[in-house]
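Asks: Fold the following and give me the result.
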Amino acid sequence: MARKVIEIERTPNPNAMKFNLDGLISEETRSFLRAEDTAGSGGSGLASSLIAIGGVSGVMFCRDFVTVNKEADVKWSSLKMKVVKLLEKEDEESEEE
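Replies: Numbers count the residues shown, from 1 in each chain. You can find the predicted model right below:
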């Protein structure tokens, strides 16, 4: 079953948004601040892909949500749909393998 983003929430930090999912993304909390942080860890392909989006400065996986941090000079309007598409696309690709 494909993973879906069911809600996007603002956080107290204006440079972070919480993307709530309809299923589990990680059994434990994991944070990635740069592409190098994703090397060698299970399930890091998604973190690496998210960090590769221009303007994204870090990601955190926690059970059924992902928090994405952005650079201060980047607008959420240019990032939100890219993040959603990637979160939903990544799951579809993993099901095909």
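Asks: what's the burial count for residue 46?
Replies: 23 (other C-beta atoms under 10 Å). C-beta here means a position set from N, CA and C on the backbone, and glycine is covered the same way.
Asks: Quick check: which ranges of this structure have low pLDDT?
Replies: 1, 35-44, 90-97 (pLDDT under 70).
Asks: in what helix or strand does the spatially most central residue of it lie?
Replies: With distances taken as C-alpha atoms, centre = their mean, residue 66 lies nearest the centre of the chain, 4.8 Å away. Assessed by DSSP states H and E, residue 66 sits inside strand 65-70.
Asks: And the contacts of that strand?
Replies: By C-beta atoms under 8 Å, 6 or more residues apart in numbering, the residues outside strand 65-70 that reach it are 11, 13, 15-21, 25, 50, 55-60, 76, 79, 83, 87.
Asks: Mind checking which of those residues are buried?
Replies: For these, a burial check counting by 16 or more other C-beta atoms under 10 Å picks out 15-17, 19, 21, 25, 50, 55-56, 58-60, 76, 79, 83, 87.
Asks: Looking at these, spot the one nearest residue 31.
Replies: The nearest member of the buried ones among the contacts of strand 65-70 to residue 31, counting by C-beta to C-beta, is residue 60 at 4.5 Å.
Asks: all helices in the chain, in order from the N-terminus.
Replies: Along the chain, counting by DSSP state H, helices occupy 44-51, 80-96.
Asks: in the first one, what counts as buried?
Replies: Neighbour counts using 16+ other C-beta under 10 Å place 44, 46, 47, 48, 49, 50, 51 of helix 44-51 among the buried residues.
Asks: wait, which of the residues you listed is closest to residue 34?
Replies: residue 51 (6.7 Å).
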